[in-house]
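Need the 3D shape of this:
(2 chains)
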Amino acid sequence: DSGVTQTPKHLITATGQRVTLRCSPRSGDLSVYWYQQSLDQGLQFLIQYYNGEERAKGNILERFSAQQFPDLHSELNLSSLELGDSALYFCASSVEGKGEQFFGPGTRLTVL
Amino acid sequence: QQQVKQSPQSLIVQKGGISIINCAYENTAFDYFPWYQQFPGKGPALLIAIRPDVSEKKEGRFTISFNKSAKQFSLHIMDSQPGDSATYFCAVRSGAGSYQLTFGKGTKLSVIP
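A predicted model of the protein is given here:
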């Protein structure tokens, strides 16, 4: 158990819908990262937050957004969902921007 | 542009044997090279990591060998066990600005009795 928690574990929704994935980092970690894992693209970095502020953006679609709250938990919002958004979404956290990253158990998103 | 090339895609090793997974990278600005282990239905778990100022790091049965000039690093699993059967990912991290990890495509390891 990495200490990073993610909810929900599974999410099934329809195309065009909007969902919110939640992540709580390890106690004391200030940095949160979101990654997407799919069969064709592998593990890809989406976005990083550090102590409430966006630090870096990767291959994140404009339909996706994220934020980190004062209690350091983070949410990833996915809107106008498409079939191709079906994937595993992982959150990772680290003590600070440069520390080791520890991954949560992931949220499996299925878009029908 | 694939910044990290991992091989092989899959690997079958007999119990007690040595498993070797290789990664090659292109950007010399990377400053941290971790390996992650992932079991089906679970998140990636940090296994071992190395920084470019050392050529080898060993933790138990797991060893990273790092060749800075060749821009390659590898994971060696000694005395491989069926419980090691998982997917292994190498990753690289930029030393400047963003600390995102860029992952290889993964290697599915099967250790057979």
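
any low-confidence regions in the chain?
Unless you meant another one, I'm taking chain A. Within chain A, no range satisfies pLDDT under 70.

my bad, the chain I had in mind was chain B
Under the criterion pLDDT under 70, the flagged ranges of chain B are B:1-2, B:95-97.

residues touching residue 102, list them.
As the question left the chain open, I've gone with chain A. A:S2, A:G3, A:V4, A:R26, A:D29, A:A92, A:S93, A:S94, B:L46 (Cβ atoms under 8 Å, 6 or more residues apart in numbering or on different chains). All C-beta spots, glycine's among them, are computed from the backbone N, C-alpha and C.

wrong one, I was asking about chain B
Going by Cβ under 8 Å, 6+ apart, B:T102 touches A:F45, B:Q3, B:V4, B:A91, B:V92, B:R93.

Serialize those residues to CSV and add fields for secondary structure.
Output for those, formatted as CSV (DSSP: H, G, I helix; E, B strand; the rest coil):
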residue, secondary structure
A:F45, strand
B:Q3, coil
B:V4, strand
B:A91, strand
B:V92, strand
B:R93, strand
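
Going through these, which ones are buried?
Buried by 16 or more other Cβ atoms under 10 Å in any protein chain shown: A:F45, B:V4, B:A91, B:V92, B:R93, out of those.

thinking again about what came up before, hmm, which of the contacts of A:F102 are the buried ones?
A:S2, A:V4, A:R26, A:D29, A:A92, A:S93, A:S94, B:L46.

Pick out the most distant pair among those residues.
For these, the maximum inter-member distance is 13.3 Å, found between A:D29 and B:L46 (Cβ to Cβ).

residues in contact with the closest residue to B:Q9 other than its chain neighbours?
Leaving aside its sequence neighbours, B:Q9 sits nearest to B:T107 (Cβ to Cβ, 6 or more residues apart in numbering or on different chains; 6.4 Å). Residues near B:T107 by Cβ under 8 Å, 6+ apart: B:Q6, B:S7, B:P8, B:Q9, B:S10, B:L11, B:I21, B:T87, B:Y88, B:F89.

close enough to count as contact, B:F30 and B:R93?
Yes: using Cβ atoms under 8 Å, B:F30 is in contact with B:R93, at 6.2 Å.

beta partners of the closest residue to A:Q68 other than its chain neighbours?
Nearest non-adjacent residue to A:Q68, counting by Cβ to Cβ, 6+ apart: A:Y49, 3.7 Å away. The partner list for A:Y49 in beta bridges (DSSP bridges) reads A:V32, A:E54.

so A:Y49 makes contact with A:P70?
No: counting by Cβ under 8 Å, A:Y49 stays clear of A:P70, with 11.8 Å between them.
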